[in-house]
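# The sequence and its predicted three-dimensional model are supplied below.
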Amino acid sequence: MASLTTQLIHAGEPVPRIEGSVSMPIFQTANFENGGEETYDQVRYTRLNNTPNHHALHEKLAIIEGGEAALVLASGMAAISTTLLAHLQAGDHLLVQKTLYGGTHTLLYEDLRRFGIHFDHVDAGRPETWKDKLKSNTKIIYCESISNPLMEVPELEEIARFGREHGLLSVIDNTFASPVNFRPLTIGFDVSLHSATKYLNGHSDVIAGAVIGSKAAVKKINHAAAHLGGSLDPHACFLLHRGMKTLAVRMKHHNESALRIAQYLAGHPKVKSVNFPGLETSPSFARARRLFSGCGGMLSFELKDGEAATFLRALKYPVTAASLGGVESLVIQPARSTHLGLGAVKRAKAGISDSLIRYSVGLEDPADLIADLEQAF
Ligand code: PLP
């Protein structure tokens, strides 16, 4: 089997090429002429995510992440909410990692609660504590491959094993690691999700989501997606498809550059702490080394003193903006942006201080980014 770098370029491409077109043409249509369809699944309507643009992406994603099937959706949150709503009903319960992307946390805390779906947090680094949280109605165990914004790598093999042992669907948000660095299905996870807005697309110009899993799991999610309606527009499919072709080369640069910057920050007298699983001092280092082929471009750090907001303003290259995984470096203060909705008490409990800075290392030359940090210090 060809390597992932090669599969990113060739897997899922139509054979023969459509009109010989080397790049995937955009099927910008809402519907297709009927051709004798006999079942609902055969109806070709763009809300059902079944244009040639969708098919090509589904095959490429399934192959690179080691799944039987895949589905693209309108956003990372559409991937998360559709997967959960497809597999849960009123009265069900889930176990979720303590620190999660803020949007996922709010979905669980506010929206799913209203539908009678409840959850308990688990400490993803302490498997011995999980069984106590298990209930007879627990259906899903949910985590992130690298948590946001503290960059912790959970006991991932244990989570997949716990799910299997107790008949739970194990679901992982693999956005931060990307399939280049980690393929969760290969260690036993049932469903892997992405905000494709981030590394998969990589250019900060598309909002998209992806789900990869077994044929049965993806079929169930696809069925719910058809009615929940979060389909991906064909033009967004085209952009995501184009972006994904360079994922391997981009991730190589992100991996190397973030490691260099994390090492620089860890040695800086004005830095209190650095969160990056590729640093030997990180509590996640051994797990990351065992499971990942690189740690990606996301890191966070705390200043010893001084205002995080003032420091961000002094930086020349990174754009202060939410989101991550783009070609340009991006910085934010999680307490004032992605995790603002959590409130001060929950943020403190989750270990997210006001002086924490999250840095999405882009594709600039790392020497320039380090010089920029130095002048800001
Ligand atoms: N998962 C993670 C880890 C994220 O960081 C984000 C967005 O920042 C999402 C999911 C949601 O993705 P989207 O904004 O594409 O809906």
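Happy to help now that I have it.

# What are the boundaries of the helices in the stretch 201-350 of the chain?
Counting by DSSP state H, counting those that start in this stretch, residue ranges of the helices within the stretch 201-350 of the chain are 215-228, 234-244, 247-266, 285-291, 308-314, 344-350.

# Among those helices, which comes closest to residue 19?
Nearest of the helices of the stretch 201-350 of the chain to residue 19, taken as C-beta to C-beta: helix 234-244 at 15.3 Å. Every residue, glycine included, has its C-beta placed from N, CA and C.

# Give me the angle between that closest one and helix 247-266.
In terms of direction (axes from the mean of the first three to the mean of the last three C-alpha atoms, to 10 degrees), helix 234-244 departs from helix 247-266 by 70 degrees.

# the strands in this protein, which residues?
With strands called from DSSP state E, the chain shows them at 69-73, 93-97, 118-122, 138-144, 169-173, 191-195, 209-213, 271-275, 298-303, 319-320, 330-332, 356-360.

# Please tabulate the ones you listed in JSON lines, including the columns mean neighbour count, mean pLDDT and distance to residue 51.
Supplementary listing: the strands of the chain in JSON lines, determined by neighbours: other C-beta atoms under 10 Å; pLDDT from 0 to 100; distance: least, C-beta to C-beta, whole Å:
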{"stretch": "strand 69-73", "mean neighbour count": "25", "mean pLDDT": "98", "distance to residue 51": "11"}
{"stretch": "strand 93-97", "mean neighbour count": "22", "mean pLDDT": "97", "distance to residue 51": "33"}
{"stretch": "strand 118-122", "mean neighbour count": "18", "mean pLDDT": "97", "distance to residue 51": "35"}
{"stretch": "strand 138-144", "mean neighbour count": "23", "mean pLDDT": "98", "distance to residue 51": "30"}
{"stretch": "strand 169-173", "mean neighbour count": "25", "mean pLDDT": "98", "distance to residue 51": "26"}
{"stretch": "strand 191-195", "mean neighbour count": "29", "mean pLDDT": "98", "distance to residue 51": "20"}
{"stretch": "strand 209-213", "mean neighbour count": "28", "mean pLDDT": "98", "distance to residue 51": "16"}
{"stretch": "strand 271-275", "mean neighbour count": "18", "mean pLDDT": "97", "distance to residue 51": "41"}
{"stretch": "strand 298-303", "mean neighbour count": "22", "mean pLDDT": "97", "distance to residue 51": "32"}
{"stretch": "strand 319-320", "mean neighbour count": "15", "mean pLDDT": "96", "distance to residue 51": "33"}
{"stretch": "strand 330-332", "mean neighbour count": "22", "mean pLDDT": "96", "distance to residue 51": "31"}
{"stretch": "strand 356-360", "mean neighbour count": "25", "mean pLDDT": "96", "distance to residue 51": "31"}
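
# what's near enough to touch the residue in the chain that the ligand sits nearest to?
Residue nearest to the ligand within the chain: residue 76 (2.3 Å; C-beta to the nearest ligand atom). Counting by C-beta atoms under 8 Å, 6 or more residues apart in numbering, residue 76 makes contact with 103, 173, 175, 193-198, 208-209.

# related to what we said a few turns ago, closest one to residue 15 among the strands of the chain?
Closest among the strands of the chain, once you apply C-beta to C-beta, is strand 69-73, at 18.3 Å.
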